[in-house]
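Visitor: I would like the atomic coordinates for the input below:
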Amino acid sequence: MEKDHAVSLKQLMTLVLMLTTFSIHLPAKTVAEIWKTMPDTIVPYLDPQQRQEMPSYASMHVDGSVDNLLEGKCRMDTLTNSYAHIQLNATKSIQLKLLPTSNQDSIVCLVETWLAGSVDKDSIPTGESAIRFFTQDWKELSTAQFLGAPSVNDLAGMLTTKPDTMPEQTYKALKEKLDPQMVLAEINADDNTLHLKISCPLLSKEEYKELHQILVTRQLSWRNGSYHSVNQQ
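Guide: Predicted coordinates:
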């Protein structure tokens, strides 16, 4: 009886070891696979069949624009195992990035950006971004846990700085022109860094030129499962 019990225990331990080894070596999901299972509520004007097709076009490096349900064009123009950029229309784009964590599978960072003007690097930045985080099966996570704030617009305060020679009163007067406070965000496809800058949709070119002297671009790095500020420029 004891011998049979020992054999059963040994078989059970072998089975547990096999299952553990199998789970460790499960292939990691790619962004393309995660994109295909995205809930309709995130991009409601793309049907499941269109989402299935877009990564195939991107991997073949062809245009691959698809007609969305609003009679516009959507295109996945960049795709790697851990990153995708999708132009949903002329004014909206999304970025998907897999970010590693120390104690679980990678999480999904979704950056949605609405542009209200030209994307020329010399133009006034106008638009707004939203950042959300999800598990790989699209359960939404706390933004504050990974970004350090409930929303990216709450980080607008870190995107200005007072020059040493500027009077405090002048600095405060310039900051008051940043109303509403909106932030544009872009995630790097290669190293997970997040770049933030102030959006100035209501300013004239003259006002923006004056305000530009207090604006900074902030770079956040992904370390130990959350974003941290690393520098300003």
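Visitor: just the helices in this structure please.
Guide: 2-24, 31-36, 48-59, 143-147, 168-176, 205-211 (DSSP state H).
Visitor: This structure: strands as residue ranges?
Guide: Ranges of strands in the chain, per DSSP state E, are 66-67, 73-79, 83-87, 92-99, 107-115, 127-134, 182-187, 194-199, 218-223, 226-232.
Visitor: Mean neighbour count, mean pLDDT and distance to residue 148 for those - can I get that in a markdown table?
Guide: For every residue, glycine as well, the C-beta is placed using N, CA and C. Listed next are these as a markdown table, based on neighbours: other Cβ atoms under 10 Å; pLDDT from 0 to 100; distance: least, Cβ to Cβ, whole Å:
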| stretch | mean neighbour count | mean pLDDT | distance to residue 148 |
| --- | --- | --- | --- |
| strand 66-67 | 14 | 88 | 36 |
| strand 73-79 | 19 | 92 | 27 |
| strand 83-87 | 20 | 95 | 22 |
| strand 92-99 | 21 | 96 | 14 |
| strand 107-115 | 20 | 96 | 14 |
| strand 127-134 | 20 | 96 | 11 |
| strand 182-187 | 22 | 96 | 13 |
| strand 194-199 | 21 | 94 | 11 |
| strand 218-223 | 18 | 95 | 8 |
| strand 226-232 | 14 | 78 | 6 |
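Visitor: Of these, which is nearest residue 142?
Guide: strand 127-134 (7.5 Å; Cβ to Cβ).
Visitor: Can you check what angle separates the closest one from strand 182-187?
Guide: For strand 127-134 against strand 182-187, the angle by axes from the mean of the first three to the mean of the last three Cα atoms, to 10 degrees is 50 degrees.
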